[in-house]
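Asker: Below: sequence and its predicted model.
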Amino acid sequence: MFLSRKQPRETDQQTGACLQIVVVSPFLDRHHGTELCIIEQIERLSSKYGWGIHLFSQRVENVNGLLTEDPKRTAAGFIRWYRVSDIPGPHLLKFLWWFLANRAVRKSVLKRLEDRPLLVYSPGINCLDATAITVHIVFHEFYARVRDELTLLKVPISRWPVTLHRKLYYKLIIALERHIYADPKVRLAAVSKLVSAQLEKHFGRTDSVVIPNAVDTAIFNSEARLACRSVSRQGLELDDSDFVVLLIGNDWKKKGLDQLLRALAIIETPIQLLVVGNDDPGLYRPALRQLRLEGRVRFLAPSADVLSFYSAADAYVAPSLEDAFGLPILEAMACGLPVIASVQAGASENVLDGATGYLLRDPMNHVELAELVRRLAGDRSGAQKLGAAAAQYVQASVSWDHNTSATRKFLEDSIASSQI
């Protein structure tokens, strides 16, 4: 419906014509890995390659060059935001509204555009008519890992409404994955080899393109982290002698927080833990009391100054049960922090075990995790060497320019295949 039959054109900022695409994402900000990736991509596609981006979202923050009015007909390289309405309510209801509302808004807007966008690009499942999708998580795989935790008889009655809601939401996404990802006409990019393998396993897709996420090393680097370290630790009232581990992310259960708490409880050294993200700390208060970790674990709200969290830490720990990528792992490495990364996190593909960090083979094994944390805390000099090697690797091997170049080719190939 939204596809033009014009041939795609190579453009740059000096030409008047520009290739135009639709991007569909419920929100964009720099606090979430998936959304940050899309921001970095569309900013470069518009500024470096002269593409026109028609962005349909409910909320957008910190996107350079964002327009809320139509660009001039001859404009080359722009990001035009069309706001999609939101409603209050539980996540499942909000998702259903978003799914229907963004379709209605796009249909209305695209009717009046003289130059029709060539494709619809979506990070994950946001619509039924996407031509190209970047897959950041495969819910078929994730649900298999958390199915037992969603059994009503295994959770307190007070948690039944939340558990049932989560189960219904996951079931809906799984049904949509089955319908969309199995369609060979939809081009798929995976953020890691892990996700690519899952797409083949569940949907028989052997044609997905792997395009790993990246990190901005101008912001995340060892020098910047060390320059902020004293102020960051003082602000959190941490002593110089404290060994501090950090975990950043939402959906803490999926991020492996339960296993991390159990691991810290059996480590003799009183290690401090900072947990950053949007989740409910109240769910973990009973566990903190039971494991005698009160006073050693702090839950912090996300901040635009993400570097301050890395500056306060001595190590980054990511025992994810399922994480298609896990951008904080890469950011921590860029900052020169030693990392422990679950092999179930896509970003672990950047960790050379024992050289640029440690790999957690079984994220459900808190004893294995405890041993790795104990190893870092017991050899701070060795931990610093791991961090330095990690920073050197990221500086040499990872960039958003490379990511965007690969994404550009993926999208151009998607346009070409849709016109055959």
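Answerer: Perfect, thanks for sending it. Worth saying up front: this structure is predicted, and the values here are computed from it rather than measured. Numbering: from 1, shown residues only.

Asker: ok, now which ones touch residue 190?
Answerer: Counting by Cβ atoms under 8 Å, 6 or more residues apart in numbering, residue 190 touches 134-135, 196, 199, 208-211, 324. The way it works is simple: take the backbone N, C-alpha and C, and place the C-beta from them, glycine included.

Asker: If we use 6 Å, what do you get?
Answerer: 135, 196, 208, 210 (Cβ atoms under 6 Å, 6 or more residues apart in numbering).

Asker: With respect to residue 336, which of those residues is nearest?
Answerer: residue 210 (26.4 Å; Cβ to Cβ).

Asker: Tell me how far the closest one lies from residue 407.
Answerer: The gap separating residue 210 from residue 407 is 12 Å, by Cβ to Cβ, to the nearest Å.

Asker: neighbour-wise, which of these two wins?
Answerer: residue 407 (24 against 16; other Cβ atoms under 10 Å).

Asker: Show the residue spans covered by the helices in the stretch 51-200 of the chain.
Answerer: 91-111, 139-146, 160-180, 193-203 (DSSP state H, counting those that start in this stretch).

Asker: With distance to residue 52 and mean pLDDT as added columns, please give those helices in TSV.
Answerer: Listed next are the helices of the stretch 51-200 of the chain as TSV, based on distance: least, Cβ to Cβ, whole Å; pLDDT from 0 to 100:
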stretch	distance to residue 52	mean pLDDT
helix 91-111	13	96
helix 139-146	32	86
helix 160-180	25	95
helix 193-203	29	96
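
Asker: which stretch among those comes nearest residue 186?
Answerer: Nearest to residue 186 among the helices of the stretch 51-200 of the chain is helix 160-180; the distance by Cβ to Cβ comes to 6.0 Å.

Asker: tilt between the worst-scoring helix or strand of the chain on mean pLDDT and helix 160-180?
Answerer: When each helix and strand of the chain is scored by mean pLDDT, DSSP states H and E, helix 139-146 comes last, with a mean of 86. If you take axes from the mean of the first three to the mean of the last three Cα atoms, to 10 degrees, helix 139-146 sits at 150 degrees to helix 160-180.

Asker: by contact count, what packs against helix 139-146?
Answerer: Applying 3 or more Cβ pairs under 6 Å, 6 or more residues apart in numbering; DSSP states H and E, one finds that helix 139-146 contacts helix 160-180.

Asker: who's in contact with the helix it packs on?
Answerer: The contact list for helix 160-180, computed with Cβ under 6 Å, 6+ apart, reads 90-92, 125, 139-140, 143, 150, 152, 155, 186.

Asker: what does stretch 125-142 give?
Answerer: 24, 34, 103, 119-124, 170, 173-174, 176-177, 187-191, 195, 198, 202, 322, 324, 411, 414, 418.

Asker: of those residues, buried ones?
Answerer: Buried subset of the contacts of stretch 125-142 (neighbour count, 16 or more other Cβ atoms under 10 Å): 24, 34, 103, 119-124, 170, 173-174, 176-177, 187-191, 195, 198, 202, 322, 324, 411, 414, 418.

Asker: Between the contacts of residue 190, which sits nearest residue 257?
Answerer: Closest to residue 257, out of all of those and judged by Cβ to Cβ, is residue 135, at 24.2 Å.

Asker: Could you report the neighbour count for that closest one?
Answerer: Neighbours of residue 135 using other Cβ under 10 Å come to 24.

Asker: domain assignment for this protein?
Answerer: Residue ranges for the domains of the chain, per automatic domain parsing: 20-138+181-214+400-418, 222-395.

Asker: Make CSV from the ones you listed and add distance to residue 159 to it.
Answerer: Formatted as CSV, the domains of the chain follow (distance: least, Cβ to Cβ, whole Å):
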stretch, distance to residue 159
domain 20-138+181-214+400-418, 14
domain 222-395, 9
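
Asker: tilt between the least confident helix or strand of the chain and helix 193-203?
Answerer: Using the same axes, to 10 degrees, one finds that helix 139-146 and helix 193-203 are set 100 degrees apart in direction.

Asker: Is it possible to mark the buried ones in the contacts of helix 160-180?
Answerer: Burial by neighbour count, judged by 16+ other Cβ under 10 Å, picks out 92, 125, 139-140, 143, 150, 186 from the contacts of helix 160-180.

Asker: What residues sit buried inside whichever strand or helix holds residue 258?
Answerer: In this structure, residue 258 sits in helix 257-265 according to DSSP states H and E. Neighbour-count burial for helix 257-265, counted by 16+ other Cβ under 10 Å, picks out 257-265.

Asker: Which helix or strand lies directly C-terminal to that helix?
Answerer: strand 272-276.

Asker: what packs against whatever helix or strand comes next after that next one?
Answerer: As assigned by DSSP H and E, the chain's next helix or strand after strand 272-276 is helix 285-291. On a contact count with 3+ Cβ pairs under 6 Å, 6+ apart, helix 285-291 meets helix 257-265.

Asker: again, 10 Å this time
Answerer: Using 3 or more Cβ pairs under 10 Å, 6 or more residues apart in numbering; DSSP states H and E, the elements in contact with helix 285-291 are helix 257-265, strand 297-300.

Asker: for the stretch 301-420 of the chain, what spans make up the helices?
Answerer: 307-312, 327-334, 366-378, 380-397, 400-418.

Asker: what's the angle from the second one to strand 272-276?
Answerer: Taking the same axes, to 10 degrees, one finds that helix 327-334 is oriented at 130 degrees with respect to strand 272-276.

Asker: Over to the longest one?
Answerer: Between helix 400-418 and strand 272-276, the angle comes out at 40 degrees (the same axes, to 10 degrees).

Asker: Output helix 400-418 in CSV with nothing but the alpha carbons.
Answerer: Provided in CSV are the C-alpha atoms of helix 400-418 (Å, rounded to 0.1, in the frame of the first residue of the first chain):
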residue,chain,number,x,y,z
TRP,A,400,27.4,3.7,14.5
ASP,A,401,28.7,4.7,11.0
HIS,A,402,29.4,1.1,10.2
ASN,A,403,26.0,0.0,11.6
THR,A,404,24.2,2.7,9.6
SER,A,405,26.1,1.7,6.4
ALA,A,406,25.0,-1.9,6.8
THR,A,407,21.4,-0.8,7.6
ARG,A,408,21.4,1.4,4.5
LYS,A,409,22.4,-1.6,2.3
PHE,A,410,19.8,-3.8,4.1
LEU,A,411,17.0,-1.2,3.4
GLU,A,412,18.1,-0.6,-0.2
ASP,A,413,18.1,-4.4,-0.8
SER,A,414,14.6,-4.5,0.8
ILE,A,415,13.3,-1.9,-1.6
ALA,A,416,14.8,-3.6,-4.6
SER,A,417,13.3,-7.0,-3.6
SER,A,418,9.9,-5.5,-3.1
